[in-house]
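Peer 1: dropping a prediction and its sequence here:
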Amino acid sequence: MVKFILLVVVTVIGFAANSTELIVTDGQVRVPMPGRTVTAGYFTIQNNTTESVRLTAVKSSAFERAELHQHSHQDGVMRMEQVTHIAIDANTSVTLQPGGLHLMLFDPVQPLLAGESVMVSLSFSNGQQLDLSMPLTEMPRR
């Protein structure tokens, strides 16, 4: 019985250690361009677990709506489309960046200023949720 209890404790501790091994780096949300109410967010997710996981939802109290999106090429035209999830394989990372996977953030609930930050919550298929403070950055000039 003691061996069984020890095995359960070790298994639970191992699961808890694995469930916290999703790490987000390089997060940023762009300040919407003047007159616009839509912007994007970018970051890298590192999955240091032995299991694949999916980013399934995003929300932010700073915006009315937040969605997962990707850019794709169809018939020589670049298109943007909403996706239901973003897969992050075991022991790999996925980067959300301009021209690829990214967050779309709609209708800020108050004015956004570069240098401030907004809270973004990421929900994953394994039940984990990460609440992140992401800095607001200016849209790069072209």
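Peer 2: Looks like it came in fine.
Peer 1: what strand or helix carries the closest residue to A66 other than its chain neighbours?
Peer 2: Closest residue in space to A66, ignoring its immediate chain neighbours: V58 at 4.6 Å, by C-beta to C-beta, 6 or more residues apart in numbering. In this view, the C-beta of every residue, glycine as well, is placed from N, C-alpha and C. Using DSSP states H and E, V58 falls within strand 53-59.
Peer 1: return the set of buried residues in that strand.
Peer 2: Residues of strand 53-59 classed as buried by neighbour count (16 or more other C-beta atoms under 10 Å): V53, L55, A57, V58, K59.
Peer 1: elements contacting the helix or strand following it?
Peer 2: Per DSSP H and E, the first helix or strand lying C-terminal to strand 53-59 is strand 63-74. Here strand 63-74 touches strand 53-59, strand 77-82, strand 102-108, going by 3 or more C-beta pairs under 8 Å, 6 or more residues apart in numbering; DSSP states H and E.
Peer 1: sorry, back to before: sheet partners, orientation included, of the strand holding V58?
Peer 2: Within its sheet, and counting by DSSP bridges, strand 53-59 is paired with strand 86-88 (antiparallel), strand 117-124 (antiparallel).
Peer 1: export these to JSON lines and tack on distance to R79 and mean pLDDT?
Peer 2: Listed next are those as JSON lines, based on distance: least, C-beta to C-beta, whole Å; pLDDT from 0 to 100:
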{"stretch": "strand 86-88", "distance to R79": "17", "mean pLDDT": "98"}
{"stretch": "strand 117-124", "distance to R79": "24", "mean pLDDT": "98"}
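Peer 1: right, and those - which one's nearest P34?
Peer 2: strand 117-124 (18.2 Å; C-beta to C-beta).
Peer 1: dead centre of this protein: give me the residue that sits there.
Peer 2: In the chain, the centroid-proximal residue (C-alpha atoms, centre = their mean) is L122; its distance is 5.2 Å.
Peer 1: ignoring the adjacent residues along the chain, who's closest to that one?
Peer 2: Counting by C-beta to C-beta, 6+ apart, L122 lies nearest to L130, which is 4.6 Å off, once chain neighbours are set aside.
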